[in-house]
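J.: The following block contains a protein sequence and its predicted model.
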Number of protein chains: 2
Amino acid sequence: MIVTITLNPAVDISYKLDNLSLDTVNRVGDVSKTAGGKGLNVARVLYQLGEDVAASGFLGGSLGGFISAQIAALGIRDFFVPIDGETRNCIAIIHEGKQTEILESGPLISENEATLFLERFTEYVQLVRLVTLSGSLPKGLPADYYVKLVEIANQYDTPILLDSNGASLTTIIESEHKPLLIKPNEEELANLLGQRSVDESQIMDALGSLLFADIPWVVVTLGADGAIVKHDKNLYRARVPKVSASNPVGSGDSVVAGFAAGIARELADEELIKFGLSMGVLNALEEKTGHINVEKIGWAVGQIVVERIEND
Amino acid sequence: MIVTITLNPAVDISYKLDNLSLDTVNRVGDVSKTAGGKGLNVARVLYQLGEDVAASGFLGGSLGGFISAQIAALGIRDFFVPIDGETRNCIAIIHEGKQTEILESGPLISENEATLFLERFTEYVQLVRLVTLSGSLPKGLPADYYVKLVEIANQYDTPILLDSNGASLTTIIESEHKPLLIKPNEEELANLLGQRSVDESQIMDALGSLLFADIPWVVVTLGADGAIVKHDKNLYRARVPKVSASNPVGSGDSVVAGFAAGIARELADEELIKFGLSMGVLNALEEKTGHINVEKIGWAVGQIVVERIEND
């Protein structure tokens, strides 16, 4: 089993409006509401890939109930820890070719709830094949909460795939407890390096540096330009096919799902990179976030070109 | 007991933002979520007035669960009928002195659900003192659904107070089944008369016309200018004190609650008008919608001036 963790999930609401009129009433008929949060996208793609998958994190209130019901309907196991606070809404208003988002910060996690989660995590991390950690930390948790999770998982040799940024990624880089894989995109890597932007040679230099020496897999995704991937001392350049994307939201999460399933299946390096990145391409082709057409996997894997880069 | 009916309730979400930035992400910490809908405001004020009160209508999904939980916490009885659809969100974004609203249309009511509600309504209308009907009809219900409710209530001599507009008010005016009271505001009365606006003498003429001959009470609210009220063949002009309003939203609903409680208490005409309008004044003084400071009722009633207007 693979467990995907979303500590601050959301009910994602999408409103499609011809025009958003300010300071007045907008009536909207085209509404969609889905269980959201990066780890839930990972879980959906893993489930589509035929993996036995559980979703975990914190859920509370009626919106927590909505997410539980959606997970159950999808066939994903529910490992969420109940909290007193209320799970948040995240709203995207699609209007006049624009996307205006309103993101609630979400509930405050109490010390007891944070401790309860660590206990549950310690139990299931001993039973599962691997764990993914995605997204931001809710209020109330210390910035090194992911470090604690990685430390516990490492005690039981359960691999962790981490997709985070900002302080929760920095604390991992600075800690002695390392995940198996991190997946920064170009911008997140630049932030981590304290730079405004990074070009390909800077990415390659960084991946060869001591900063990432103890993290076996570093997957730097470059959107339509593919990815630069480090595994141990090997460096790979992957190029993905040009596609006409329907909705690229969730493609990074789908890549995490692809790597998680591929690692569970013990694919060799180049196969794994192709399989992982394929899920990002396939997600972008679909309207639904965190959704792939599994019949196109063979095609996508065949379109991705991976070359090994010789290090000096 | 008094039953307040909200056929299309909502979870009202309010977001306070310094600026609403279009086509990007807005993070919001100041979020409030409340059980919304005009009839729920009526219920809250009635409960504050010490009345035994139940709330009814249609509720579904996790947001329906949120409203049920809020009703229970408030001490209001839950007479809602469960539906397969999902209760809606209505969102108010408060930004730069503006209020931008996004109103979902809400669930589609099935024929079976509409029939089930009529059966439940027929049961409790025989047991209760009076019923208020507020707000718009959800999708799936015919425009004359309120007419059916009034017809059933009239069979058991249970008074109905109706606060609606548009087609659902017009069908009542055109029907032979009449409520005890309607409460159009100036604009709603103008719409009903097919005019753009109405002045005081036009309102008085309308209230004396055959259009309202069979509706005992017609309360035309004029906001800060008070109200013009018809009871049978008597006409009253009421003036309310000038107050510095904190939040006038829900004041019309509070007036309905005041009239409902006052009628249940068999107040004489002028007392009833003062009592009813007081609740609108008191609601406007509070931040919370559908909320009054009960300690100020005596003051508010004392500030309202009612004069009887001699008809020609």
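T.: Good, I have the coordinates. Numbers count the residues shown, from 1 in each chain, chains lettered A, B, ... in the order given.
J.: remind me which residues of the stretch 201-312 of chain A are low pLDDT?
T.: A:311-312 (pLDDT under 70).
J.: switch the cut-off to 80
T.: Along the stretch 201-312 of chain A, segments meeting pLDDT under 80 span A:310-312.
J.: Most proximal residue of it with respect to chain B?
T.: residue A:249 (12.5 Å; CB to the nearest CB). The way it works is simple: take the backbone N, C-alpha and C, and place the C-beta from them, glycine included.
J.: Leaving out sequence neighbours, find the closest residue to that residue.
T.: Excluding its sequence neighbours, the residue lying closest to residue A:249 (CB to CB, 6 or more residues apart in numbering or on different chains) is residue A:289, at 4.9 Å.
J.: The one you found - that's part of a strand, no?
T.: No - in this structure, residue A:289 is coil, not part of a strand, as judged by DSSP: H, G, I helix; E, B strand; the rest coil.
J.: right, and it touches residue A:250 too?
T.: Yes - with contact defined as CB atoms under 8 Å, residue A:289 counts as touching residue A:250 (3.9 Å).
J.: Name the SS class of the residue of the stretch 201-312 of chain A closest to chain B, please.
T.: In three-state terms, and counting by three-state DSSP, residue A:249 is coil.
J.: so how many other residues sit close to it?
T.: 18 (other CB atoms under 10 Å in any protein chain shown).
J.: and it, backbone torsions?
T.: Main-chain dihedrals, residue A:249, degrees, to the nearest 10: phi -60, psi 130.
J.: which ones are touching residue A:303?
T.: Shown in contact with residue A:303 (CB atoms under 8 Å, 6 or more residues apart in numbering or on different chains): A:240-241, A:281.
J.: can you tell me which of these are in helices?
T.: Using DSSP state H, the members of the contacts of residue A:303 that fall within helices are residue A:281.
J.: which one among the contacts of residue A:303 gets closest to residue A:67?
T.: residue A:281 (27.2 Å; CB to CB).
J.: was I right about the closest one contacting residue A:243?
T.: Yes - using CB under 8 Å, residue A:281 is in contact with residue A:243, at 6.1 Å.
J.: higher neighbour count, the two?
T.: residue A:281 (28 against 14).
J.: Enumerate every residue touching that one.
T.: A:240-241, A:243, A:251, A:300, A:303-304 are the contacts of residue A:281 under CB under 8 Å, 6+ apart.
J.: If you rank the residues you listed by neighbours, which is first?
T.: Top of these by neighbour number is residue A:251, holding 26 neighbours under the definition other CB under 10 Å.
J.: Contacts only, for that one.
T.: Counting by CB under 8 Å, 6+ apart, residue A:251 touches A:279-281, A:283-284.
J.: What distance do you get for it to residue B:45?
T.: 50 Å (CB to CB, to the nearest Å).
J.: With residue A:130 instead?
T.: Distance, residue A:130 to residue B:45, using CB to CB: 55 Å.
J.: ok, the two, which is more surrounded?
T.: residue B:45 (29 against 21).
J.: That one against residue B:259, yeah?
T.: No - between residue B:45 and residue B:259 there is no contact under CB under 8 Å: 10.8 Å.
J.: tell me the secondary structure for the most centrally placed residue in chain A?
T.: The residue lying closest to the centre of chain A (CA atoms, centre = their mean) is residue A:253, at 3.7 Å. Assigned with three-state DSSP, residue A:253 falls in the helix class.
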